[in-house]
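>>> structure here, sequence nowhere to be found:
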């Protein structure tokens with residue numbers, strides 16, 4: 001079946017329009033297309049000059065490779081402090097402790113913080129629990145009745161208070177001398193850890209269960225911790241009873257003295273003969 005001449009003409013016209021559009025020739029409105037003479041419709045399309053090739057975009061610049069960040073572990077607070085600089089570092093830490101308000105109740109009820117006293121280069125640290133009323137008033141650990149007994153123990157070991165370093169687990173007095181809470185112990189732990197890191201003692205005498213359990217991170221009773229050395233960062237730890245306990249239980253002084261003699265033997269300290 002032959003095509004309708006008009007249909008053939010329309011197809012030719014549409015093809016012609018496509019060719020002209022490609023060549024950039026303006027096209028008449030659709031309503032006037034059929035008025036174009038047939039001989040023009042059938043004329044070959046004007047030659048189309050090839051379009052100039054567009055410049056190719058430059059290859060994308062690769063983003064610089066990021067240098068991987070190596071996260072170094074946090075260094076010890078102030079480990080390996082030189083003997084000459086230890087007191088200065090303790091002074092800086094003491095000023096920081098004086099501004100601490102981590103324990104809201106203690107910060108609101110304290111008279112002042114009780115940081116620590118003694119020889120910054122001491123071989124022995126006596127490590128207690130928390131300040132009492134006298135300590136809160138004077139800002140120095142172990143100055144009440146229990147403190148006087150501790151002084152006697154230190155002197156019996158052939159030392160003076162100025163030869164050793166004395167500190168507590170807590171730097172603020174708990175109201176009514178109550179036991180420290182776990183949160184309070186946790187808040188103060190970084191402070192006493194930094195103190196010990198600065199001083200680098202050879203021996204740490206833990207006075208009472210709170211001091212021993214916080215330092216050694218154990219729940220073992222003080223009675224079971226006694227009579228042997230424990231390790232804390234290379235220091236030898238002795239756990240013994242708190243002087244305040246001895247004031248209530250004088251018979252326990254014998255056990256404390258045995259603990260001190262164990263330490264002195266290990267230090268090579270010769271006790272004077274008993275008169």
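Cool, the structure landed. Every value quoted in this text rests on a predicted model; they were computed, and no experiment measured them.
>>> how about the strands in the stretch 151-275 of the chain?
165-168, 203-207, 230-232, 235-240 (DSSP state E, counting those that start in this stretch).
>>> is it correct that residue 205 is in contact with residue 240?
Yes - with contacts counted by Cβ atoms under 8 Å, residue 205 reaches residue 240, the gap being 6.5 Å. For the C-beta atoms, the positions are set from N, CA and C on the backbone; glycine is no exception.
>>> which neighbours do these two share?
Here residue 205 and residue 240 have 259, 260 as joint contacts, going by Cβ atoms under 8 Å, 6 or more residues apart in numbering.
>>> show the subsequent helix or strand relative to the helix or strand bottoming out on mean pLDDT in the chain.
The weakest-scoring helix or strand in the chain, judged by mean pLDDT, DSSP states H and E, is helix 38-41 (a mean of 43). Downstream of helix 38-41, the first helix or strand assigned by DSSP states H and E is helix 86-98.
>>> so what does that next one touch, helix or strand wise?
For helix 86-98, the elements it packs on are helix 182-199, judged by 3 or more Cβ pairs under 8 Å, 6 or more residues apart in numbering; DSSP states H and E.
>>> between the helix it packs on and strand 235-240, how many degrees?
130 degrees (axes from the mean of the first three to the mean of the last three Cα atoms, to 10 degrees).
>>> dump the strands of the stretch 151-275 of the chain into JSON lines; add mean neighbour count, distance to residue 256 and mean pLDDT as well.
Formatted as JSON lines, those follow (neighbours: other Cβ atoms under 10 Å; distance: least, Cβ to Cβ, whole Å; pLDDT from 0 to 100):
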{"stretch": "strand 165-168", "mean neighbour count": "26", "distance to residue 256": "16", "mean pLDDT": "98"}
{"stretch": "strand 203-207", "mean neighbour count": "27", "distance to residue 256": "9", "mean pLDDT": "98"}
{"stretch": "strand 230-232", "mean neighbour count": "15", "distance to residue 256": "16", "mean pLDDT": "98"}
{"stretch": "strand 235-240", "mean neighbour count": "24", "distance to residue 256": "5", "mean pLDDT": "98"}
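>>> among those strands, which comes closest to residue 154?
strand 165-168 (8.6 Å; Cβ to Cβ).
>>> what about that closest one, distance to the chain center?
Put simply, strand 165-168 sits 24 Å off its chain's centre (Cα atoms, centre = their mean, to the nearest Å).
>>> what lies in contact with that strand?
Here strand 165-168 has contacts from 114-120, 122, 124-131, 135, 141-142, 150, 192, 195, 199, 201, 211, using Cβ under 8 Å, 6+ apart.
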